[in-house]
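Peer 1: Predicted coordinates and the sequence they were generated for:
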Amino acid sequence: MQAEELRIGNLVKDHLGRTQKVHEVRSDSYICYLSNGSKLKYKLNTTKPIPLTEEWVERHTDYESIQDLACDLDELVSSKTGMYLLVYTDTGIEYLNNLYVHQLQNLYFPLTNKELIIK
């Protein structure tokens, strides 16, 4: 992953596959905090995005707010391999494949002026 992709509050997987919440982004790493207050630093080159699936959205978010957002984004579609975004352009339909949780978080804020609530 690249530092430019991440915002504070994004969810990602660390090198062990654990979900982490980003608290600080640096050029080659990010910082997260454990429940006991300990600060951990992870290298971005070992960090993986969390694939966005309908199951993940239903389990971790207010599904209705995502559906409302989908109307603003043309269409958010679920498939067996994940979710993708249909964008209608002057030249036809473009598909943005393989969306990730941090991308949804990053899209949600500028369109709604609210942070995406993760359960």
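Peer 2: Here it is on my side, so go on.
Peer 1: which residue ranges form the helices in this protein?
Peer 2: Applying DSSP state H to the chain gives helices spanning 54-60, 63-72, 101-112.
Peer 1: These: lowest mean pLDDT?
Peer 2: Of all the helices of the chain, mean pLDDT reaches its minimum on helix 63-72 (a mean of 58).
Peer 1: I'd say Leu99 and Leu52 touch.
Peer 2: Yes - assessed by C-beta atoms under 8 Å, Leu99 is found in contact with Leu52 at 4.3 Å. To be clear about C-beta, it is placed using only N, CA and C from the backbone, and glycine gets the same treatment.
Peer 1: more crowded one of those two?
Peer 2: More crowded of Leu99 and Leu52, by other C-beta atoms under 10 Å: Leu52, with 23 against 19.
Peer 1: Surely that one touches Asn106?
Peer 2: No - in this structure Leu52 lies outside contact range of Asn106 using C-beta under 8 Å: 11.6 Å.
Peer 1: buried sites along stretch 3-10?
Peer 2: Neighbour counts over stretch 3-10 (16 or more other C-beta atoms under 10 Å) mark Glu5, Leu6, Asn10 as buried.
Peer 1: Return the residues in contact with Gly9.
Peer 2: Residues in contact with Gly9, defined by C-beta atoms under 8 Å, 6 or more residues apart in numbering, are Lys21, Val22, Gln105, Glu115.
Peer 1: I'd like the residues you listed written out as TSV, with neighbour count and distance to Ser35 added.
Peer 2: TSV is the format used below for these (neighbours: other C-beta atoms under 10 Å; distance: C-beta to C-beta, whole Å):
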residue	neighbour count	distance to Ser35
Lys21	13	11
Val22	19	16
Gln105	21	21
Glu115	12	20
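Peer 1: Between these, which sits nearest Leu34?
Peer 2: The closest of those to Leu34 turns out to be Lys21 (C-beta to C-beta; 10.4 Å).
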